[in-house]
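> let's see this in three dimensions:
(one chain, ligands or ions: 2)
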Amino acid sequence: MPYERQEIAPERISQQLDICQQIRNLRAGKASLAFVDTYGCQQNEADSEKLRGYLAAMGFSFTDNEAEADVIVVNTCAVREHAEMRILGNVGSLNHTKKAKPEQLICLCGCMVQQAHMAEKIKRSYPLVNLVFGPHELWRFPELLLRVMTKKGRVFSAAPSDGVVAEGIPAVRDRSSVKAWLSIMNGCNNFCSYCVVPYVRGRERSRRAEDILREAKQLIDSGAKEITLLGQNVNSYGKDIPGGPDFADLIRMINALDGDFLIRFMTSHPKDATEKLFRTMAECEKCAHQLHLPVQSGNDRVLHAMNRYYDRAAYLEKVALARHYMPDLVLTSDIIVGFPGETDEEFEDTLNLVREVRYDALFTFIYSKREGTVAAKLPDPFTRADKQRRFDRLVEEQNRISAELHAAYVGKTLRVLVDGRVPGREGELSSRTSGGRLVHLTAAPELIGQWAQVRITGSNTWALYGTPENREE
Ligand code: 5AD
Ligand code: SF4
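Ligands and ions are numbered 1, 2, ... in the order given. This next block holds a predicted model:
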C-alpha cells in the first residue's frame, strides 16, 4: 500500500503547548527538574532537543543527575543488542533512585520501545517505568505525561505507524554549542536485511523545504556555525514531495542563506548518491567536503543478502566520482562484520576494499541479530570468536590507514571550528577541520566557538594536534 504523509496539524501542536501550561500550573510550587538521557544516533539527539523543549514549556529545568530528577526521560536506541542491554541495565538501576524519590516519573521513548516485544518486556519486568511511547508519538508527549500525572497509572503508547511529520515543536538546544542538528527527514524505506530502523522509524517522510529553511535561518541567527542535516538516508530527501526540491537542491538553498556557517549531512545511502549531489557539494562553498557513505561489506554476495541495491564495483565508481569533484574529500563509512553466513574469504573482500578506498575513518560493528528482520532468519554458522577476530583485523587495518592519512596533514595550515575543551586535558581545546577531522589545540578558551587558522604540528590514529596561527573574526 502506498504511504501517505501524515502531517500533524499546527493546532494539534498548539494543544500540546496548552497542555504544557496545564502541567506547569499543576506543578506550581513543586521542584521541577528533568533528566533527558539519550542513546543512539544524532536523530535521537535532535528528538531529545524537542523533548527538552516541551519539558521547558512545562516549567522544568534540567539536570544530569538522575537522583535529583523529578522526571526522567530515556530516549532509547534499537540498532544493536548491545545498546538495548545497556539501556535496560540503566533503567533497572533507577530502582534505587525511585525508592529514594517515589514520586519520580520514569518515561521511556524512542526506537527500542517501538518494538512490541520490548514494550511487553517493560510492561512485565520494569514496573518502575510510568510512561512508554514510540518515536511517532513524540509530538504528543505533553498529553501522555499529563495522563500519567493525573491518572496515576502506567501509560503505554507505541502503536505501529508509518510515521508522522510534525512542525512547530519547541526545541531546547545546547546554548554553549556552535554546532546544531537539523532533521530534514525521518524514517527509511530501504529495508536492509539486518536493520530494524525501517520497522521502528517508519517510512521516509521529508520535511517541507520552507520549514527546513526557516529553522536553518533561526539556527544561524542564534549563532550556529555548523549545521548538520540529519536523516536515515538524506539523499532520498524530497522523493515523497512531488515537484519539490531534491537533496542537492536543498543544499543549494541552505548554502544561499546569509552567514558564515558550514553544512554537513548524514547519512547517505550509496544507491542514492548522485553525480548531481557531488557536483553540488563541490560548488557550494559552505558545504563541507565530507561524505559518510556506508559500504557495509566489500563482497557482492553479502551486499546482495544485505539488500543494499549496489555491488562493490558500483560503490567504488561512486567513490571515484565523488573524489573527482572533491579531491580533498574526507570519506568515512560503516561496516558490519559477521553478517550471517559471511565467510573468511568474503570478509577478505571487505578488508581489501578498505585498503583500496583508504577511508579517513570507519565505524565498525559486529552483526547483531534484530528480531523481525529478514537476516534474523538466516543460518549463522560462525562463532562470536570468529567474528571478533575479523573485527580486530579490520580495526587494526583502518587504524594504520587513519594514522597515515593524519600524518599527511602535519605542516599544513587549515581552517577549523573550535567547539570546546578536551575533557581531562587542561589547556587543550577541541576543534574540527571542514572535513570533520578532530584537531586538539593548545590555545586560550576564548577561541571556543570561533573559526581559527591552525598549523598542524602532530597526529596519531584518532586526532591531529595543532597551534593557532591567528584568530579570525
Ligand atoms: N548489526 C550491526 N550493525 C548494524 N547497523 C545497523 N543494523 C545493524 C545490525 N543489526 C549498523 C550499520 C549502519 C549503522 C548505523 O549501524 O552499519 O550503517
Ligand atoms: Fe537501516 Fe539500511 Fe535504512 Fe540505514 S539505509 S537505516 S542501514 S535500513
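> make it CA atoms for all contacts and neighbour counts henceforth
Fine.
> can you give me the helices for this structure?
With helices called from DSSP state H, the chain shows them at 10-26, 42-57, 81-100, 111-114, 116-125, 141-151, 197-201, 209-221, 247-255, 275-283, 300-305, 312-325, 344-357, 384-407.
> reformat these as TSV; add mean pLDDT, mean neighbour count and distance to ligand 1.
Shown next, in TSV, are these (pLDDT from 0 to 100; neighbours: other Cα atoms under 10 Å; distance: least, Cα to the nearest ligand atom, whole Å):
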stretch	mean pLDDT	mean neighbour count	distance to ligand 1
helix 10-26	97	17	30
helix 42-57	97	21	10
helix 81-100	95	14	8
helix 111-114	98	27	13
helix 116-125	97	14	16
helix 141-151	96	17	26
helix 197-201	96	23	8
helix 209-221	97	16	23
helix 247-255	98	20	19
helix 275-283	98	18	20
helix 300-305	98	18	12
helix 312-325	98	16	15
helix 344-357	98	17	13
helix 384-407	98	17	12
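> between those helices, which one is nearest to residue 438?
Closest approach to residue 438 among the helices of the chain is made by helix 384-407 (10.0 Å; Cα to Cα).
> ok, residue 359 to residue 292 distance?
10 Å (Cα to Cα, to the nearest Å).
> same question for residue 52.
For residue 52 relative to residue 292 (Cα to Cα), the value is 28 Å.
> quick one: name the residues of the stretch 351-473 of the chain near ligand 1.
Proximity of the stretch 351-473 of the chain to ligand 1 (Cα under 6 Å from any ligand atom) is limited to residues 365-370.
> just the buried residues from those residues, in PyMOL please.
A single PyMOL command is used to select the members of those judged buried by 16 or more other Cα atoms under 10 Å:
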select buried, resi 365+366+367+368+369+370
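> among the residues of the stretch 351-473 of the chain next to ligand 1, which lie within strands?
365-366 (DSSP state E).
> what residues does the spatially closest residue to residue 362 that is not a sequence neighbour make contact with?
Spatial nearest neighbour of residue 362, excluding adjacent residues (Cα to Cα, 6 or more residues apart in numbering): residue 333 at 5.1 Å. By Cα atoms under 8 Å, 6 or more residues apart in numbering, the contact list for residue 333 reads 292-296, 359, 361-363.
> swap in 10 Å and give it another go.
When contacts are counted by Cα atoms under 10 Å, 6 or more residues apart in numbering, residue 333 touches 267-268, 291-296, 354, 359-364.
> any idea how far it is from residue 290?
Applying Cα to Cα to residue 333 and residue 290 gives a distance of 11 Å.
> what is in contact with those two at once?
With Cα under 10 Å, 6+ apart, residue 333 and residue 290 have common neighbours residue 360.
> biggest separation within the contacts of residue 333, which pair?
Longest span within the contacts of residue 333, Cα to Cα: 267 and 354, 18.8 Å.
> which single residue of the stretch 51-200 of the chain ends up nearest ligand 1?
Across the stretch 51-200 of the chain, no residue is closer to ligand 1 than residue 195, which sits at 4.1 Å (Cα to the nearest ligand atom).
> need phi/psi at that residue.
When read as degrees, to the nearest 10, the backbone of residue 195 gives phi -100, psi 140.
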